[in-house]
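Peer 1: model this:
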Amino acid sequence: MSSPSPNKLLNLAQQGLAQQLMYGSPTSTQPPAWTIDLIEEVKALKISSQKVESTLNQLTIKVSDVEIELSGLTKQVNDIETSCKFLHQDVEQHMRDINLLKDEQSNIKKWNADIEKQNFELENLQLDLQTRSMNDNLIFHGIAETPSPLVNNSAPVEDCRALVNELISDKLSIDSTSINLPKVHRLGADRAKKPQPIVAKFGNPDERETIRKKSFDKDVKEKLKTARQGVGVQRPQVNRDARKMFGDLIDGYEQAGKTVRQQERTLYVNGKLTKVYMNNKVIDPPAFMMTVEN
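Peer 2: Reported below is the predicted structural model:
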C-alpha cells in the first residue's frame, strides 16, 4: 500500500466537512465513510513514515560504519606514510653508507696501487743490487761433478776453480794459469740429475770480458755444443724466470715480424711496454707503470 500524499488527505477532509455542512449531522452512530478513509490514510502514512525512519536509521548505522572504516583506513594511510618516511630515511642513510664504502674502496685501491708500486720499485732496487754483484761473474754449464777423494773421513771437496780453468784452456784455448778467480762455487745440490752450473767471480773485469766474448766464436761454440757445455752471464733468478715465462710470447711476436726486447722483468714490443712479470706470473702493465711510460 502506497503512502497517501498530503494533498489527498486534505481533499478527503474538505469533502467530509462539506457533506456535514450540507446534510447536517448524521443520525446514525456509524462514522461517515470519509472519516474512515481518512483514518486509513493516516494509518498508512504513519506506517510509511515508520518504514522511512527505519530505513534512515539503517542508513545512519551504515554511514557510521563507513565513517569508522574510513577512520581506520585514514589511520592505516597515516601509518603507511610514516613508514614510508622512515624507509626513505633508511634508504638515504644506506645510500650515504654505500657512498662511504665506495670512497673507502677507492682509497683502498689507491693504497694497494701505491703499495704495489713501492714493492715493485723495491724489488727492482734489489734486482739492481744483485745484478751489480753479478757483473764480475760468469756461469759455466755442463761441467761434470768430480768430487775429490775423502781426506781423513771428511766430506768430499770439489775443486771448482780447477774445473773452470780446464774448460777455459780446453774449449776456449785461453791460458788460464794467470786468471784471477777469487771465488768459484757450484750452484744447487749434488742430487740433481745433470751437473749443476759453476759460478766464477773474476778479479779482473777485462779477463771476464775476454772469456765472455770468446765463447761466441763459431769454433768455440761448436766445441761447447758438442761437449754440452756453455758459458754465460749470471743473472738474477727472477730475470731468468721472466725469460722462461716470456718465451712463448716472444716467439709469437717475433713470428709476427715485431721487434721484441726483454728488460729484466718487462717486455717491450715495438718499443712499447706490453707485459710485466710480477708475482710469478705475466700480466699487463699496472697503471702506475703506464703512467711512467706516458
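
Peer 1: Helices of the stretch 1-150 of the chain, start to end?
Peer 2: Using DSSP state H, counting those that start in this stretch, the helices found in the stretch 1-150 of the chain span residues 6-23, 33-133.

Peer 1: So which of these is nearest residue 139?
Peer 2: Across the helices of the stretch 1-150 of the chain, residue 139 has its closest neighbour in helix 33-133 (13.4 Å, CB to CB). C-beta here means a position set from N, CA and C on the backbone, and glycine is covered the same way.

Peer 1: Give me the mean pLDDT for that closest one.
Peer 2: For helix 33-133, mean pLDDT is 85.

Peer 1: okay, the helices of the stretch 1-150 of the chain in TSV with mean neighbour count next?
Peer 2: As requested, these are exported to TSV (neighbours: other CB atoms under 10 Å):
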stretch	mean neighbour count
helix 6-23	12
helix 33-133	11
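
Peer 1: I'd like the ones you listed written out as JSON lines, with distance to residue 258 added.
Peer 2: What follows is those, written out as JSON lines (distance: least, CB to CB, whole Å):
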{"stretch": "helix 6-23", "distance to residue 258": "115"}
{"stretch": "helix 33-133", "distance to residue 258": "25"}
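
Peer 1: To residue 274, which of the ones you listed lies closest?
Peer 2: Between residue 274 and the helices of the stretch 1-150 of the chain, the tightest spacing by CB to CB is seen for helix 33-133, at 16.4 Å.

Peer 1: Domain ranges for the protein, per the record?
Peer 2: Per automatic domain parsing, the domain ranges recorded for the chain read 6-69, 135-147+156-234, 235-294.

Peer 1: Make CSV out of those and add distance to residue 95.
Peer 2: Below are the domains of the chain laid out as CSV (distance: least, CB to CB, whole Å):
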stretch, distance to residue 95
domain 6-69, 38
domain 135-147+156-234, 59
domain 235-294, 29
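
Peer 1: Please identify the one among those domains that comes closest to residue 108.
Peer 2: The nearest among the domains of the chain, by CB to CB, is domain 235-294 at 14.9 Å.

Peer 1: Let's check: the centremost residue of the chain is which one?
Peer 2: Relative to the mean C-alpha position of the chain, the nearest C-alpha, by CA atoms, centre = their mean, is the one of residue 105, at 10.4 Å.

Peer 1: roughly how far apart are that residue and residue 290?
Peer 2: From residue 105 across to residue 290, the span is 22 Å (CB to CB, to the nearest Å).

Peer 1: if we can go back for a sec, can you say which of the domains of the chain is nearest to residue 100?
Peer 2: The minimum distance between residue 100 and the domains of the chain falls on domain 235-294, with 24.0 Å, by CB to CB.

Peer 1: picking up where we left off before, out of the domains of the chain, flag the one nearest residue 129.
Peer 2: Of all these, it is domain 235-294 that lies closest to residue 129, at 9.4 Å by CB to CB.

Peer 1: Flag the shaky bits of the stretch 151-294 of the chain, pLDDT-wise.
Peer 2: Applying pLDDT under 70 to the stretch 151-294 of the chain picks out residues 151-156, 189-192, 291-294.

Peer 1: Do a quick rundown of the helices in it.
Peer 2: Ranges of helices in the stretch 151-294 of the chain, per DSSP H, counting those that start in this stretch, are 160-172, 205-214, 218-226, 237-255, 287-293.

Peer 1: Buried deepest among those, which one?
Peer 2: helix 160-172 (a mean of 18; mean count of other CB atoms under 10 Å).

Peer 1: Could you tell me how far that one lies from the centre of the chain?
Peer 2: Relative to the centre of its chain, helix 160-172 is centred 57 Å away, using CA atoms, centre = their mean, to the nearest Å.
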